[in-house]
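>>> Below: sequence and its predicted model.
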Amino acid sequence: MTRGITARRPPPPVTPSPGTVRLGLRENRTQFVLLVLVTAAVGALVGLERTTVPLIGTEVFGLAGNLAVFSFIVAFGLAKALTNLAAGALTARFRRRQLLLTGWLIGAPVPFVLAWAPSWWWIVAANVLLGVNQGLTWSMTVNMKIDLVGPGRRGLATGLNEAAGYVSVGATALLTGCLATHYGLRPTPELIGAVFLAAGLGLSLLAKDTAAHLALELSRHPAPRGGENGRPSFKETFALTSWRDRSLRGASQAGLVNNLNDGLTWGVFPLLFADHGLGIAAIGLIKGLYPLLWGIGQIPAGHLADRIGRKPLVVTGMLVQAAALLLALVLLDRPLLAGVVSAVGLGLGTALVYPALITAVSDHAHPSWRAHALGTYRFWRDIGYAAGALTAGVLADALGLDATVLAAAVLTAASGLLAARWMTDHPRTSRARPGPG
């Protein structure tokens, strides 16, 4: 057996005391709400960049090539993806809360570097730190909420988690667009990130670790087969989630392409709509509306995933996103309308996909290696940011921004069809009603 992360010494085991630890959303509502607020602060920090940073690249630092402008998204995506992968493995050695706090400390310099960076490459470096921050903090809030609620409300829990984060992304994108209109691209819009950092770190200090809840769920499951101590190694879990398990493969590729089109539009849409005459406030509206709908829509989408299964939402959501990208081009003679319609379609399509994919991975992974599986899935998903930015930079420089959006639409539709072919819902979640709590 290859020695992976599971061969290392884990944290001391936690044995839940009868009657003191219970699984369920209602039973753990105080800690759950606290973690929702933490996730909102996590999303707000990355929302700082949605409107202004591509424009800072072109207008402040005079970058001419699209690939150079999108380099900050490549740095962010690679750092976040690798951190997601590491975070799943690190849960075998450290408590969730420890990793959550570490993520906030690593992200502390980001708003200040964005506000006063003397060169573009400082901003790229800040995005490496931001990627690590997002990988640790967002991964841990997802895992901790899943630990708290147990399998019955997993879809709703992930929907609420992602909703809090992406509503915050959208609200911050709108806010930075308004601030940039009145005060300029820097430093005022970026410095509000210091408030989000302080709030996120302070709330995380109040959060309790969920090791006892995980131990309770583990006690109710049969032991996993294979691997070291009955648990797959890190290498085996990576292979299962990436390609060996058909459903997990389908979820991983859909997550990658979903964030590919998000990374692509993150860089392309501000430049595309600016070229067609829109100002910063209008671009901020478009860039804010997309994650706002993405966030709010995940609450009913997560609940629906618990009712009808995960696969229908994933396939439908990917096809809706593809249609939204096409509409951005079809309506481009009226750029504000094109931006708003595409933002609505992208937001609603992504809202269907996001909680369904996370819960689908959770369904097919045993609790003993679920954090590893989620880390692997989130690795592939967030590699999509880097892939989208690289694709956008190369295609935009060679063929133009319009062709880049068209390519994203084709890839997104193809991914939805692959999800329809590969994914299956777990028997205990397909058309099953959740239990109490």
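Thanks, I have the structure now. Numbering: from 1, shown residues only.

>>> what about the strands in the stretch 51-200 of the chain?
In the stretch 51-200 of the chain, no strands are defined using DSSP state E, counting those that start in this stretch.

>>> Low-confidence ranges, it, go.
152 (pLDDT under 70).

>>> Thr52: what's it in contact with?
Each residue near Thr52 by C-beta atoms under 8 Å, 6 or more residues apart in numbering is listed here: Thr176, Gly177, Ala180, Leu185, Arg186, Pro189, Glu190, Ile280. To be clear about C-beta, it is placed using only N, CA and C from the backbone, and glycine gets the same treatment.

>>> How far away from the center of its chain is stretch 332-346?
Offset of stretch 332-346 from its chain centre (C-alpha atoms, centre = their mean, to the nearest Å): 23 Å.

>>> try stretch 362-379
In terms of C-alpha atoms, centre = their mean, the centre of stretch 362-379 is found 15 Å from the chain centre.

>>> Stretch 235-250 now?
19 Å.

>>> mean confidence score for it?
Across stretch 235-250, pLDDT averages out at 93.

>>> Give me the number of neighbouring residues for Arg220.
Arg220: 10 surrounding residues under other C-beta atoms under 10 Å.

>>> That one and Arg22: what is the separation?
According to C-beta to C-beta, to the nearest Å, Arg220 and Arg22 sit 12 Å apart.

>>> Sketch out the helices for the stretch 1-150 of the chain, chain order is fine.
Remark: helices assigned in the stretch 1-150 of the chain by DSSP state H, counting those that start in this stretch are 29-47, 49-55, 66-69, 71-90, 96-107, 110-116, 120-149.

>>> So which elements touch the first one?
Put plainly, it is helix 29-47. Counting by 3 or more C-beta pairs under 8 Å, 6 or more residues apart in numbering; DSSP states H and E, the packing neighbours recorded for helix 29-47 are helix 120-149, helix 154-183, helix 193-206, helix 280-308.

>>> Could you give the number of residues near Gly62?
Neighbours of Gly62 under the rule other C-beta under 10 Å: 8.

>>> what separates it from Leu55, distance-wise?
Gly62 is 12 Å from Leu55, by C-beta to C-beta.

>>> try Gly165
Taken as C-beta to C-beta, the span from Gly165 to Leu55 is 23 Å.

>>> rewinding a little: give me the buried subset of the contacts of Thr52.
When neighbours are counted using 16 or more other C-beta atoms under 10 Å, the contacts of Thr52 contain these buried positions: Thr176, Gly177, Ala180, Leu185, Arg186, Pro189, Glu190, Ile280.

>>> Which of these sits closest to Arg381?
Thr176 (24.5 Å; C-beta to C-beta).

>>> now Val149: how far from Ser168?
Counting by C-beta to C-beta - Val149 and Ser168 are separated by 21 Å.

>>> I meant Gly77, not that one.
On the measure of C-beta to C-beta, Gly77 and Ser168 end up 19 Å apart.

>>> out of those two, which sits in the busier spot?
Higher neighbour count among Gly77 and Ser168: Gly77, with 27 against 24, using other C-beta under 10 Å.

>>> Surely that one is in contact with Arg381?
No. Contact between Gly77 and Arg381 fails when scored by C-beta atoms under 8 Å: they sit 9.8 Å apart.

>>> overlap in contacts of these two?
What both Gly77 and Arg381 touch, as defined by C-beta under 8 Å, 6+ apart, is the set Asn259.

>>> Measure how buried Val330 is and give me the count.
Val330 has 11 nearby residues by other C-beta under 10 Å.

>>> On the pLDDT front, check it for me.
96.

>>> Against Thr137, how distant is it?
Plainly put, Val330 is 38 Å away from Thr137 if you go by C-beta to C-beta.

>>> How about Arg26?
Applying C-beta to C-beta, the value for Arg26 to Thr137 is 25 Å.

>>> and what of Thr30?
Counting by C-beta to C-beta, the gap from Thr30 to Thr137 is 20 Å.

>>> higher neighbour count, those two?
Legend: neighbour count by other C-beta under 10 Å for Thr30 and Thr137, higher for Thr137 (30 against 9).

>>> what sits against that one?
Thr137 touches Val38, Val42, Leu100, Gly103, Trp104, Gly107, Gly200, Ser204, counting by C-beta under 8 Å, 6+ apart.

>>> most neighbours, which of those?
Highest count within the contacts of Thr137 by other C-beta under 10 Å belongs to Val42, 30 neighbours.

>>> Give me the below-cutoff pLDDT ranges for the stretch 301-437 of the chain.
Short version for the stretch 301-437 of the chain, where the test is pLDDT under 70: 426-437.

>>> burial count for Ala125?
Counted with other C-beta under 10 Å, residues neighbouring Ala125 total 17.

>>> OK, contacts around the residue nearest to Leu78 when sequence neighbours are not counted?
Spatial nearest neighbour of Leu78, chain neighbours left out: Ala386 (4.8 Å); criterion: C-beta to C-beta, 6 or more residues apart in numbering. By C-beta under 8 Å, 6+ apart, the residues touching Ala386 are Ile73, Val74, Phe76, Gly77, Leu78, Ala81, Gly263.

>>> Might one say that the fifth one is in contact with Ile383?
Yes. Counting by C-beta under 8 Å, Ile383 is a contact partner of Leu78 at 7.4 Å.

>>> more crowded one of those two?
Between Leu78 and Ile383, Ile383 has the larger neighbour count (other C-beta under 10 Å), namely 23 against 20.
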